[in-house]
Structure formats: C-alpha cells, structure tokens
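Visitor: turn this into a model:
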Amino acid sequence: MTPIRHNTRPDSAVTDRDPVLDAVRDCVLAVGVRRTTLTDVARRAGVSRMTLYRRWPDVRSLVGDLMTREWIGVATGAMPERVPGVPARPLIVDGLVAGVAAFRAHPLFRKIVDVDPELLLPYVLDRRGASQEALLALLEQALREGHADGSVRAGHPARQARSLLLVVQSFTLSLRTMTDADDPDLDDEAFLAELRTLLERTLTP
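Guide: Numbering: from 1, shown residues only. Got it, this is the predicted structure:
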C-alpha cells in the first residue's frame, strides 16, 4: 500500500525553496503584510523590482504563494509515514491533531492571525486555496487506505475529507476563543485531546 504521506504539491515553483518567498516571509514576520512592500522584498532577496513584477503583480499575490508553500509544508510534515501492518485511522488522527498544533505554533500563521487576519477570510468563507486542495488530496488517499484496511468507516472519501478539513480548520483558527489559560481543563492540550476523540469517533467503523 502507498504511504499516508505523499508529495502532493500543486506547483514546485511555489512550494520549493525560493529566495523571494524566503524574503517576503522575513518581511511579513518583521512588520506584517500591510507594511511589506515589493521594494522591501526585492532588497532582501537581492533582486530587482522588475524581476518580482514578472511573477507577482502585488504583495498580496506574493504572500498568497508564500502561504501556499508554508501551509503545504506544515500539512505534509504532520502526516506520518504509513508503516506496514499499522491501520490507517490512527495515522490520520495523529496527523490531523499534529497538524493543528503545528499550524497554531507556526510563526507566519501566528503573525497573520494577529496582524492581518483578513488574509485568511477568503479561504474560510469563499474558496479553497492550493494548500487546502493539497491537504484534501492527502486526506482522500489516506481515507481510501483506511477503507481498504477496514480501519475507517465506509463513506464517500471526498466528502469525508472535506468534513475532516472543516473540523480541523475550526480548531486551528478558532481554538484560542475557547481556551482558558489558567484552567488546565480548558487549555490547548485539553482541546487537542478532545479533537482526537472527535476524529476517532468520526472515523471508527
């Protein structure tokens, strides 16, 4: 059987290491998206502004490619390799819980949520982004493997994958609205344990 983790990447030019994307990442971490300019990025990357304009018309499109690279890296990194003889379901659950924790700890994600949260709204309310599509592809393949080995409840794999993504997105984006730092029963770890229970019960046949 194929591994749970696959190199499902929509565009290697976007997702591979890129000095321009590295530069915009540094700029955004330093001052946020709204205060980042193409001039700043060009200076950090050691390229001309015209070089940037040939690939990106504005900072928003450049940051969009940065987010795609970073989020796909988090998602693929969180999904464990399939081990022969190990059912798919625990690997899916482990990967999704680890992914939520990794996203919430990611410095770029934290900066955008704190300073420029409106950048995330289109991907919550209106459309799927490249990183969401890549994660859905990973999940669908993993669910099919779980169907085949009997560890995952039978169902439509695309619908199941999208439902799982809706759940983990809500934990990723909104968890801090529900936590209480001075109550260990309502801290991040407690809610991640609750997420694990939700996923296990959803996927168990």
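Visitor: any weak-confidence spans in the chain?
Guide: Low-confidence segments of the chain, defined by pLDDT under 70, span residues 1-16.
Visitor: what about the helices in the chain?
Guide: Remark: helices assigned in the chain by DSSP state H are 12-15, 19-31, 38-45, 49-55, 59-78, 88-105, 107-115, 121-125, 130-149, 157-174, 188-203.
Visitor: tell me the spacing between the spatially most central residue of the chain and residue 181.
Guide: For the chain, the residue sitting closest to the mean C-alpha position, by C-alpha atoms, centre = their mean, is residue 71 at 3.9 Å. Residue 71 sits at a distance of 26 Å from residue 181 (criterion: C-beta to C-beta, to the nearest Å). Heads up, the C-betas are built off the backbone N, CA and C, glycines and all.
Visitor: next one: residue 129
Guide: Distance, residue 129 to residue 181, by C-beta to C-beta: 31 Å.
Visitor: of these two, who's got more company?
Guide: residue 129 (17 against 9; other C-beta atoms under 10 Å).
Visitor: now the closest residue to that one other than its chain neighbours: how far from residue 155?
Guide: The spatially closest residue to residue 129, leaving aside those adjacent along the chain, is residue 123, at 4.7 Å (C-beta to C-beta, 6 or more residues apart in numbering). Computed with C-beta to C-beta, the distance linking residue 123 and residue 155 is 25 Å.
Visitor: compare those two (neighbour count), which wins?
Guide: Neighbours per residue (other C-beta under 10 Å) separate residue 123 from residue 155, with residue 123 holding more: 18 against 15.
Visitor: the more buried one reaches residue 132, doesn't it?
Guide: Yes - proximity of residue 123 to residue 132 meets the contact threshold set by C-beta atoms under 8 Å, at 6.5 Å.
Visitor: surely residue 199 meets residue 97?
Guide: Yes - under the contact definition of C-beta under 8 Å, residue 199 touches residue 97, with a separation of 7.2 Å.
Visitor: hmm, the residue nearest to the centre of the chain is touching residue 102, no?
Guide: No - with contact defined as C-beta under 8 Å, residue 71 does not count as touching residue 102 (10.2 Å).
Visitor: check contacts around residue 34.
Guide: Taking C-beta atoms under 8 Å, 6 or more residues apart in numbering, we find residue 34 in contact with 115, 116.
Visitor: the same query, at a cut-off of 7 Å, please.
Guide: Taking C-beta atoms under 7 Å, 6 or more residues apart in numbering as the definition of contact, the neighbours of residue 34 are residue 116.
Visitor: now swap in residue 131 and tell me
Guide: Under the criterion of C-beta under 7 Å, 6+ apart, the neighbours of residue 131 are 67, 68, 71, 72, 75.
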